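[1] Got a predicted model here, sequence first, then my questions.
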Amino acid sequence: MKEEVSVAVRFLTRLIEKNNANVSQGIEKEQLEVFKERLGELLCDRFRNHWFPEKPARGQGYRCIRLNESDRKDPVIDQAASQCGLSYEQLRLPAELTIWVDPKEVCCRFGEHQGSFCTLASFKSGTGEIFLDQVNLEEIHKKTLELKEKRKQRYFREMVIVLTAAECSF
């Protein structure tokens with residue numbers, strides 16, 4: 001479990017570093033190190049009774065780290081941030097992100113529904129294959145924004161249709 005949690009924490013930290021790179025009041029390295037350590041400990045505690053290597057899909061929903069517009073703050077990430085003197089907002093995490101931390105595999109998806117999906121690490125073959133450095137955060141961010149814009153346009157088209165239909169009914 002520690003290897004998988006470590007991959008998820010390193011990935012989140014990489015996102016935080018990237019998203020804070022151009023911010024004048026960025027996060028100090030020491031704070032980020034404490035955050036990484038606390039987040040790893042908290043996730044291991046959370047997953048401890050929900051880790052089934054013989055049935056990796058069992059407990060998957062519980063081990064999912066999910067950020068979206070309706071559930072913006074992940075409570076474990078929020079707790080780790082506050083324990084090292086950071087606000088959740090300072091982390092500048094994406095609006096839509098899902099990370100599955102499963103026995104032998106860690107995957108993520110940026111965006112909901114048709115988001116960009118990628119495997120961050122696989123330990124299935126007995127040797128740990130970690131793909132963190134191969135994940136192009138810039139490209140994924142760009143695709144996520146494009147999908148979000150398409151959804152927004154579709155929403156407004158549907159809204160116009162509903163309003164037009166409402167105007168026609170007496």
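    Noted; the coordinates are in hand.
[2] For the protein, which segments count as strands?
    Using DSSP state E, the strands of the chain run over 64-67, 97-102, 105-110, 116-122, 129-130.
[3] I'd like to know which elements the first one is packed against.
    Spelled out, it's strand 64-67. strand 97-102 (3 or more CB pairs under 8 Å, 6 or more residues apart in numbering; DSSP states H and E). Yep, even glycine has a C-beta here, placed from its N, CA and C like the rest.
[4] Just the angle for the strand it packs on relative to strand 105-110, thanks.
    170 degrees (axes from the mean of the first three to the mean of the last three CA atoms, to 10 degrees).
[5] which strands and helices sit next to strand 97-102?
    Using 3+ CB pairs under 8 Å, 6+ apart: strand 97-102 touches helix 2-20, strand 64-67, strand 105-110.
[6] Give me the contacts around it.
    4-5, 7-8, 11-12, 15, 43, 47, 56-57, 60, 63-68, 106-110, 115, 120 (CB atoms under 8 Å, 6 or more residues apart in numbering).
[7] average pLDDT for it?
    The average pLDDT within strand 97-102 is 93.
[8] partners of that strand in the sheet?
    Counting by DSSP bridges, the strands paired with strand 97-102 are strand 64-67 (antiparallel), strand 105-110 (antiparallel).
[9] Buried residues in the first one, which are they?
    So that's strand 64-67. 65, 67 (16 or more other CB atoms under 10 Å).
[10] Quickly list what the residue nearest the centre of the chain is bridged to.
    For the chain, the residue nearest the mean C-alpha position is residue 97 (3.5 Å; CA atoms, centre = their mean). Going by DSSP bridges, residue 97 is paired in beta bridges with residue 67, residue 110.
[11] gap between it and residue 73?
    12 Å (CB to CB, to the nearest Å).
[12] ok, for residue 31, nearest residue in space, not its chain neighbours?
    residue 84 (5.4 Å; CB to CB, 6 or more residues apart in numbering).
[13] burial measure for the closest residue to residue 79 other than its chain neighbours, as a count.
    Leaving out its chain neighbours, the residue that sits closest to residue 79 by CB to CB, 6+ apart is residue 42, at 6.0 Å. Using other CB atoms under 10 Å, residue 42 is surrounded by 18 other residues.
[14] so residue 42 makes contact with residue 81?
    No. If you go by CB atoms under 8 Å, residue 42 and residue 81 don't touch, sitting 10.5 Å apart.
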